[in-house]
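> fold the following, please.
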Amino acid sequence: MYEGLADPYCYAGATVLKNMRGLRQQAALDKFEAIATAKRAEEPLPTGALGVRHYRAVHHHLYQDIYRWAGRFRTVRIGKAESMFCYPEHIPAQMRALFANLRAKRFLRGLTPDAFAADAARFLATLNAIHAFGDGNGRAQLAFLALLAGRAGHPLALDPLDPAAFLAAMIASFQGDERLLAGQIRNLIGRSGR
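Residues are numbered from 1 along each chain as shown. Below you'll find the model as predicted:
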């Protein structure tokens, strides 16, 4: 999972995130999280202006049954393997800048499918590098991407998503190569966008 020092999100002496069910075994939390977020994902996602507040609302919607801090920016430094995500003291400013850029680009409307995929990959790579929440970033990012794509006229068909390939593309984008991620997004654009 994530690496951190004295993480207030975890139970003392453990790496299991504090949760509303009080589950202290990672496998049990993983199972509960998968079921709860899948149930919430079947419901309509929150509406909004595709800004920071809207993104936070999406995370809250998906994780509200699991974590009391759902939708709130994390307050600790985290990383995976050798890579650190945005320090928490910079998250608000980085999120404002990212979403201001998205707004300036007209939320990626009016682009060809290939151009949309490239710009969406850049947005998603930056959003992932910020990693605003203590957990659930990937699921919230994908849900938000689907909202963004739909409004931009490039609805995504998520059924053919290959989780391993998408994760590999996200890792490559974190290391500065967004081409695989753009390809993954392009492959998800519904038939109406082809």
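
> list phi and psi for Ser83.
Main-chain dihedrals, Ser83, degrees, to the nearest 10: phi -100, psi 130.

> residue numbering should commence at 31 henceforth.
Okay, residue one is now 31; in that scheme the one you just asked about reads as Ser113.

> name the nearest residue to it, ignoring sequence neighbours.
Among residues not flanking Ser113 along the chain, Phe204 sits closest, at 6.3 Å (C-beta to C-beta, 6 or more residues apart in numbering). In short, each C-beta sits where N, CA and C put it, glycine included.

> quick one, what contacts that neighbour?
113, 155, 158-159 (C-beta atoms under 8 Å, 6 or more residues apart in numbering).

> can you map out the helices along the chain?
Along the chain, counting by DSSP state H, helices occupy 56-72, 82-93, 121-134, 143-160, 167-181, 193-204, 209-218.

> quick test: name the residue nearest the centre of the chain.
Centrality entry for the chain: nearest residue to the mean C-alpha point is Gln171, 2.3 Å, by C-alpha atoms, centre = their mean.

> other SSEs contacting the worst-scoring helix or strand of the chain on mean pLDDT?
Ranking every helix and strand in the chain by mean pLDDT, DSSP states H and E puts strand 109-110 at the bottom, with a mean of 88. Contacts defined by 3 or more C-beta pairs under 8 Å, 6 or more residues apart in numbering; DSSP states H and E place strand 109-110 against no helix or strand at all.

> any stretches of the chain with poor pLDDT?
Along the chain, segments meeting pLDDT under 70 span 31-36, 221-224.

> can you do 80?
Residues of the chain that meet the criterion pLDDT under 80 lie in 31-36, 220-224.

> picking that back up, how close does the residue nearest to Ser113 get to Pro38?
According to C-beta to C-beta, to the nearest Å, Phe204 stands 25 Å off from Pro38.

> again, but for Leu128
26 Å.

> please consider this matter closed, and thank you.
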